[in-house]
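> give the three-dimensional model of this entry:
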Amino acid sequence: VRTIKMFAQVAQPVHVPNLEEIEKQFMTEFDYKKESEQLAQVRENLIKAGLAGDSSKLCAIPKPYLSLCTKRVLVMEELKGVKLAVGLKSDMERHAARAGKSYEEFRAEEERKAKEFKERGLLKKGPTSKEYDQYIRLLDGERRLSNASALAYNYT
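Residues are numbered from 1 along each chain as shown. Next comes the predicted model:
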């Protein structure tokens, strides 16, 4: 989360508050045993859907070793590839080249833009966890209303 947060500070500052909240939640509530079980389920579902698996697929998802995982330790297969920070830098270098600039020039310009937007009050902060909760309750209410309407319609 820290690496993504660092990247977001430069490229997508609007997401930083959300990432900070996620980071706090990870530190207080994360249970690697549950995470390993969820990872195994997601991996299985994506393989069944044909989206994950060998190198010809959309993505690779590491296999968790459930018998070795605990609340504080997550053990999974190692996937070979570039580190996230290296991949993000490579992506930014590609964007810089497309703009006809060096990586340093491009990064400095993006940081300058972010600072300028912040000073002018144009950076929008993301929603708080309370706002997220309200939105989820609203969606749940809409779903319930829709289901009740369908039930009434089907009953008549």
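
> can I get the one helix or strand Arg112 maps to in CSV, CA atoms only?
Secondary structure assigned from DSSP states H and E places Arg112 in helix 103-119. Extracted in CSV, the C-alpha atoms of helix 103-119 (Å, rounded to 0.1, in the frame of the first residue of the first chain):
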residue,chain,number,x,y,z
TYR,A,103,11.7,10.8,-16.8
GLU,A,104,13.0,13.5,-14.4
GLU,A,105,11.4,16.4,-16.4
PHE,A,106,8.1,14.5,-16.6
ARG,A,107,8.1,13.7,-12.8
ALA,A,108,9.1,17.2,-11.9
GLU,A,109,6.3,18.6,-14.0
GLU,A,110,3.7,16.2,-12.5
GLU,A,111,4.8,17.1,-9.0
ARG,A,112,4.6,20.8,-9.9
LYS,A,113,1.1,20.4,-11.3
ALA,A,114,0.0,18.5,-8.2
LYS,A,115,1.5,21.2,-5.9
GLU,A,116,-0.2,24.0,-8.0
PHE,A,117,-3.6,22.2,-7.9
LYS,A,118,-3.2,21.8,-4.1
GLU,A,119,-2.3,25.4,-3.6
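
> just the buried positions in that helix, please.
Phe106, Arg107, Glu110, Ala114 (16 or more other C-beta atoms under 10 Å). C-betas here are computed from N, CA, C, even on glycine.

> for Cys59, give me its contacts.
Cys59 sits next to Leu46, Leu51, Ala52 when contact means C-beta atoms under 8 Å, 6 or more residues apart in numbering.

> for the first one, which non-adjacent residue is closest in space?
Taking C-beta to C-beta, 6 or more residues apart in numbering as the measure, Leu46 lies nearest to Ala52, with 3.7 Å between them; neighbours along the chain are not counted.

> contact partners for the one you found?
Taking C-beta under 8 Å, 6+ apart, one finds Arg43, Leu46, Leu58, Cys59, Ala60, Ile61 in contact with Ala52.

> give me phi/psi at the fifth one?
Spelled out, that is Ala60. The phi/psi pair for Ala60 (degrees, to the nearest 10) reads phi -120, psi 130.

> ok, and the closest non-adjacent residue to it?
Using C-beta to C-beta, 6+ apart, the nearest residue to Ala60 is Leu79, at 5.4 Å.
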